[in-house]
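# Fold the following and give me the result.
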Amino acid sequence: MSVPPPSPLLAPLPPPAWLAQAGPRGGGQDLGSFVVWILVLIVAAIVAGVALLLVRRRILSSGPDSLGEGLMESLRRARDAGEMTPDEYDAARRAIAARVAGRSTPKPGAYQNRPPK
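Residues are numbered from 1 along each chain as shown. Sure thing, here's the model as predicted:
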């Protein structure tokens, strides 16, 4: 069994052809193209960063107050519809107010009316 000769497309170029392609003119075009692509990547990174900052600002601008207001409205509707007792409503309202204010959430049952000892 003999090994077939390599195809002309896959055969390595002889050294003079390599030297001819590595001249100053060919190398300069490659460097220019490289610099252009680096600049394009830098501009793309800056645009992506600005877009992320705008999205972040928009998300944070709604703030925790609007989140608390939406929850409070749903709690009021549940209380008015009879889906929760006034005591449950008060406990949930205080927990939401504490969370929006940045305090830790109170323990369950901490606001129940207890007879004095």
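# packing partners for the helix ranked longest in the chain?
The longest helix of the chain (DSSP state H) is helix 24-80. Applying 3 or more Cβ pairs under 8 Å, 6 or more residues apart in numbering; DSSP states H and E, one finds that helix 24-80 contacts helix 86-101. Any C-beta I mention is one placed from the backbone N, CA and C, and that applies to glycine too.
# elements contacting the helix it packs on?
If you count contacts as 3+ Cβ pairs under 8 Å, 6+ apart, helix 86-101 packs onto helix 24-80.
# how about Met84, secondary structure?
Here Met84 is recorded as coil under DSSP: H, G, I helix; E, B strand; the rest coil.
# ok, it to Glu73 distance?
14 Å (Cβ to Cβ, to the nearest Å).
# Who has more neighbours out of those two?
Neighbours per residue (other Cβ atoms under 10 Å) separate Met84 from Glu73, with Met84 holding more: 16 against 10.
# distance of the more buried one from Leu71?
Separation of Met84 from Leu71 (Cβ to Cβ): 13 Å.
# Pro86 now?
Using Cβ to Cβ, Pro86 is found at 17 Å from Leu71.
# Those two: which has the busier surroundings?
Neighbours were counted for Pro86 and for Leu71 using other Cβ under 10 Å; Leu71 has more, 16 against 8.
# dump the residue contacts of the more buried one.
Taking Cβ atoms under 8 Å, 6 or more residues apart in numbering, we find Leu71 in contact with Ile96.
# likewise Arg77?
By Cβ under 8 Å, 6+ apart, no residues touch Arg77.
# please redo it, this time with the cut-off set to 10 Å
Applying Cβ atoms under 10 Å, 6 or more residues apart in numbering, we find Arg77 in contact with 83-84.
# Arg76 and Tyr89 touch, don't they?
Yes - if you go by Cβ atoms under 10 Å, Arg76 and Tyr89 touch, sitting 7.8 Å apart.
# For these two, indicate the residue with more neighbours.
Neighbour count, other Cβ under 10 Å: between Arg76 and Tyr89, Tyr89 has more, with 17 against 12.
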